[in-house]
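Q: Model the structure of this input:
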Amino acid sequence: MNSFFKVTFLLAFFSLNNLIAQISDFSSYDFSKADSVSALYPKHSISNLSELSHKLTTPLQTDVEKFRAIYKWVCDNIENDYSYYAKNKRMREKLNNQPEKLVEWNKEFLPKVFTKLVKEHKTVCTGYAYLIRELSYYANIECEIVNGYGRTAQANIGGEGIPNHSWNTVKLNNRWYLCDATWSSGSITSEQSIFIKEFSEAYFLVNPVLFVQNHYPLDTKWFLMDQPPTLPEFLNSPLIYKNSLGYNIIPETPSVFKPTIKKGEKLTFRFKSINELDNLELEVGYAGKMNSFYPEIYQDKEGFYCIDHVFKSKGIYDVHLILEDKYLFTYAVISTK
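A: Down below sits the predicted model:
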């Protein structure tokens, strides 16, 4: 094995072991009691956060369980307001190069966000992150709000990027962890202009190696990792969905959202996983038509899972990798002469 492959193999090895290590931090925890406590207080008033925090955490023994009850309550009882989400997105994009006007707009917008949060249990990411922090504070759990870039199919795909999202970091058992209650609570569908509530574990106490796939903090200390990507690398990487985090799968190559290849040549998709993979679907869109393939999955010398595909015509292909009918990641493959 030459030196390049040795380095690549070691990086993959340590990355996977780091992934396994942090997942195992909570493998022994049974969150059923914390979740049942959370379920006792549907739509509880948030006018007194100290009272709510006390109700959610007093029956529980550990900080991990207490934080879980707080997190689950917020995810289950707070709704991401589509109209405010759309307005926030539109104004951040409009005023991205006018920081003074953006600050002024935020001063006007945020009071409305918190008023809606208290009265209607509806908000945007800022409200979710605020609630998580404040409820944790009253439970004597260290928790901070993190601001930065959130990457979705509608935001921060290439370009210079726009800070558009907020999430949390929490200290448990003397170690910091990352979480995103907004994205755990459900998802915004721009096509239907609605919020669909569906709790996901994918963004609860996430390993930084996974979290950085679609979260990029403004304060670099909240990467919680030694070698984070640069902002251009983040903005131009494959589009990662929550299911990829849920399955603990990380794409390796192509490393960019828009890889270029000559028509007729083979393109290999390589990715890391701590689980054995089979029945992976490759959905390829071209000229308005979508086709599904079930390619052979194999492992290379460095331990990466791989699948191959040949793009036979010139053009741009939408490529989705799917597992158990759930989207993992997406590319826009450019095939040239």
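Q: All the helices of the chain, residue numbers only.
A: 3-24, 32-38, 49-57, 63-77, 82-94, 99-120, 125-138, 181-185, 208-211, 231-235, 242-246 (DSSP state H).
Q: Select from these the stretch with the lowest mean pLDDT.
A: Note on the helices of the chain: helix 3-24 shows the lowest mean pLDDT, a mean of 44.
Q: Reformat the helices of the chain as JSON lines; add mean neighbour count.
A: The C-beta positions use only the backbone N, C-alpha and C, and glycine is treated the same way. Shown next, in JSON lines, are the helices of the chain (neighbours: other Cβ atoms under 10 Å):
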{"stretch": "helix 3-24", "mean neighbour count": "13"}
{"stretch": "helix 32-38", "mean neighbour count": "17"}
{"stretch": "helix 49-57", "mean neighbour count": "18"}
{"stretch": "helix 63-77", "mean neighbour count": "24"}
{"stretch": "helix 82-94", "mean neighbour count": "16"}
{"stretch": "helix 99-120", "mean neighbour count": "13"}
{"stretch": "helix 125-138", "mean neighbour count": "22"}
{"stretch": "helix 181-185", "mean neighbour count": "25"}
{"stretch": "helix 208-211", "mean neighbour count": "22"}
{"stretch": "helix 231-235", "mean neighbour count": "16"}
{"stretch": "helix 242-246", "mean neighbour count": "22"}
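Q: Could you chop this protein up by domain?
A: Domain segmentation of the chain under automatic domain parsing yields 22-237, 250-336.
Q: Would you tell me which of the ones you listed gets closest to residue 243?
A: Between residue 243 and the domains of the chain, the shortest separation by Cβ to Cβ is 4.0 Å, and it involves domain 250-336.
Q: rewinding a little: which one of the domains of the chain lies closest to residue 244?
A: Closest approach to residue 244 among these (Cβ to Cβ): domain 250-336, 4.4 Å.
Q: Give me the mean pLDDT for the closest one.
A: Domain 250-336 shows a mean pLDDT of 92.
Q: need the contact list for the residue most central in space within the chain.
A: Against the mean C-alpha coordinate of the chain, by Cα atoms, centre = their mean, the closest residue is residue 214 at 4.9 Å. Contacts for residue 214 (Cβ atoms under 8 Å, 6 or more residues apart in numbering) come out as 150, 151, 152, 240.
Q: Same check on residue 60?
A: By Cβ under 8 Å, 6+ apart, the neighbours of residue 60 are 33, 34, 37, 66, 69.
Q: which residues sit in contact with the last one?
A: Okay, so that is residue 69. Per Cβ under 8 Å, 6+ apart, neighbours of residue 69: 34, 35, 37, 38, 56, 57, 60.
Q: The third one too?
A: Under the criterion of Cβ under 8 Å, 6+ apart, the contact list for residue 37 reads 56, 59, 60, 69.
Q: farthest-separated two in the contacts of residue 60?
A: For the contacts of residue 60, the maximum inter-member distance is 10.8 Å, found between 33 and 66 (Cβ to Cβ).
Q: Output the strand ranked longest in the chain as PDB, restricted to C-alpha atoms.
A: Among the elements of the chain assigned as strand by DSSP state E, the one spanning the most residues is strand 326-336. Extracted C-alpha coordinates of strand 326-336, given in PDB (Å, rounded to 0.1, in the frame of the first residue of the first chain):
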ATOM      1  CA  LYS A 326     -35.200   7.400   2.100                       C
ATOM      2  CA  TYR A 327     -33.000   9.900   0.400                       C
ATOM      3  CA  LEU A 328     -29.400  10.000   1.600                       C
ATOM      4  CA  PHE A 329     -27.600  12.400  -0.600                       C
ATOM      5  CA  THR A 330     -27.800  14.100  -4.000                       C
ATOM      6  CA  TYR A 331     -25.500  15.200  -6.800                       C
ATOM      7  CA  ALA A 332     -25.800  17.100 -10.000                       C
ATOM      8  CA  VAL A 333     -23.400  15.200 -12.300                       C
ATOM      9  CA  ILE A 334     -22.200  17.100 -15.400                       C
ATOM     10  CA  SER A 335     -21.400  14.800 -18.300                       C
ATOM     11  CA  THR A 336     -19.300  16.300 -21.100                       C
END
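Q: hmm, back to that, any chance of the domains of the chain in JSON lines, with distance to residue 244 too?
A: Shown next, in JSON lines, are the domains of the chain (distance: least, Cβ to Cβ, whole Å):
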{"stretch": "domain 22-237", "distance to residue 244": "7"}
{"stretch": "domain 250-336", "distance to residue 244": "4"}
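Q: Quick check, residue 222 in contact with residue 168.
A: No - applying Cβ atoms under 8 Å as the test, residue 222 and residue 168 come out as separate, 9.6 Å apart.
Q: So between the two, which is more surrounded?
A: More crowded of residue 222 and residue 168, by other Cβ atoms under 10 Å: residue 168, with 26 against 23.
Q: so what's the more buried one up against?
A: 129, 132, 133, 143, 144, 145, 146, 178, 179, 180, 181.
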